[in-house]
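> structure here, sequence nowhere to be found:
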């Protein structure tokens, strides 16, 4: 287990998700203050947008406009040049739970996951579809039968989409075709079997890794937040765990950025319990330096 020095970039938040390094700052969503934030390396925080129905995944269109997932109403919003928010896409025909993380390709196509069931109520696990949103806002189903599709990346050549399945004990990969369609699902990494029970506590209790937000490096590895392990893992294609960083708190997303692309940012909180996270301000960002820089999208 690696011993890396972890520093705090920013603290005093509720629950942070969707970190992205963009234009020299770390952008991320704070669920329960309903804000999209940008944080400079000296810790200065700017509010970029307010999303009343809870922001999550972030991405950018080719023209530079921000896309942000609005979780509870299952929409993708677009931040216009004047700072106003417009509905970019309505995912309600595809998403069967809160909309969640997102990756946007170089053409402006967004791939958006969702919970698939009522996580916070402890409902039985159900699989979910991955939504595809074209630049004009058209929504379609990109893939089906995923166990809580969550953090996603696109490889540097633009030919593969990789998605963590938080409840599936696995990370999946899809060929990404030029027209935006996806090929059949395949294992990118399998940490164990699929859930043996639809009951949430049993499924998580039997999981080895619960892949949450992730970041891709130039050697093709993923830094994967393990939502149940208080750690972040560097996972190689095929599933070998090359490094584990124990963090002493819940880790729910990862991003690579900084001046050299080698700063690993981690979205941290004691747990993902909604009532507890709403009632406190213990969400924070940890950071450390690693050797291999960022690659691909986001």
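That came in fine, so what should we check first? Everything quoted here is computed from the prediction, not taken from an experiment.

> stretch 28-36: which residues count as buried?
28-36 (16 or more other Cβ atoms under 10 Å). No exception for glycine: its C-beta is placed from N, CA and C like everyone else's.

> residue 170 contacts residue 187, correct?
Yes. The criterion here is Cβ atoms under 8 Å, and residue 170 meets it with residue 187 at 6.0 Å.

> out of these two, which sits in the more crowded spot?
Shown here are residue 170 and residue 187; by other Cβ atoms under 10 Å, residue 170 has more neighbours (25 against 12).

> what's across from that one in the sheet?
Going by DSSP bridges, residue 170 is paired in beta bridges with residue 165, residue 190.

> would you check how far apart it and residue 131 are?
Noted for residue 170: a distance of 20 Å to residue 131, by Cβ to Cβ, to the nearest Å.

> do the same with residue 231
Using Cβ to Cβ, residue 231 is found at 29 Å from residue 131.

> comparing these two, which residue is more hemmed in?
Between residue 231 and residue 131, residue 131 has the larger neighbour count (other Cβ under 10 Å), namely 26 against 20.

> give me the element that one is part of.
Per DSSP states H and E, residue 131 falls inside strand 128-133.

> which helices and strands does that strand pack with?
Using 3 or more Cβ pairs under 8 Å, 6 or more residues apart in numbering; DSSP states H and E, the elements in contact with strand 128-133 are strand 110-114, strand 139-146.

> mind checking how far the last one is from the chain centre?
The reference is to strand 139-146. Distance of strand 139-146 from the chain centroid (Cα atoms, centre = their mean, to the nearest Å) equals 17 Å.

> which neighbours in the sheet does that strand have, and how are they oriented?
When DSSP bridges is applied, strand 139-146 pairs with strand 128-133 (antiparallel).
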